[in-house]
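Asks: Provided below are the primary sequence and the corresponding predicted coordinates.
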Amino acid sequence: MKKHKDLLQVLKANNMRITPARRFLLQFILDSKKHAGIKTGQITLKSITRFMEKILPGVNRSSIYRNIEAFKKLDIIQEISLPSGSFFQYVFDCKVHHFYICKSCGKASVGNEKLFNKIEAALKDIHGFAKANLSIVFYGYCSKCGH
């Protein structure tokens, strides 16, 4: 599990300045990942903005958006779009982060490592690609809605 100082090193390695806004945003993301799961670990843009405005009054919203985009590019977070809205999730040191989302009722379930291991083995056998980090969303129908 990565810590705040480890992620700051990632920023430095990518020639990003360590601003107070980035420090606080990283800490907010790390604190949010303690509540893993698609229901409780959701980091919404609204919650990020509310937190940042509380900690750094007068913070520029475009600065918040730019930092979120930078963290997405560095694979620190990923954006998940669900029928109920979008949210961000910490993924930097998570091996498996994929979801199954029902197109009918919107129910979202977190994927499991067993499926990931099969997909990773297939990637290696077919494409010679190993040590993957899988981040994907599957859309279909749950057993309740079954089409």
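Replies: In hand now; what should we look at? Every value quoted in this text rests on a predicted model; they were computed, and no experiment measured them.
Asks: May I ask which helix or strand encompasses residue 124?
Replies: Element membership for residue 124, per DSSP states H and E: helix 113-127.
Asks: elements contacting that helix?
Replies: In terms of contacts (3 or more Cβ pairs under 8 Å, 6 or more residues apart in numbering; DSSP states H and E), helix 113-127 is packed against strand 96-102, strand 134-140. Yep, even glycine has a C-beta here, placed from its N, CA and C like the rest.
Asks: Wait, residue 27 touches residue 3, no?
Replies: No - Residue 27 lies out of contact with residue 3 (Cβ atoms under 8 Å); the separation is 10.2 Å.
Asks: between those two, which one's more packed in?
Replies: residue 27 (14 against 11; other Cβ atoms under 10 Å).
Asks: what residue is smack in the middle of the chain?
Replies: residue 89 (2.7 Å; Cα atoms, centre = their mean).
Asks: Which helix or strand contains it?
Replies: Secondary structure (DSSP H and E) places residue 89 in strand 85-90.
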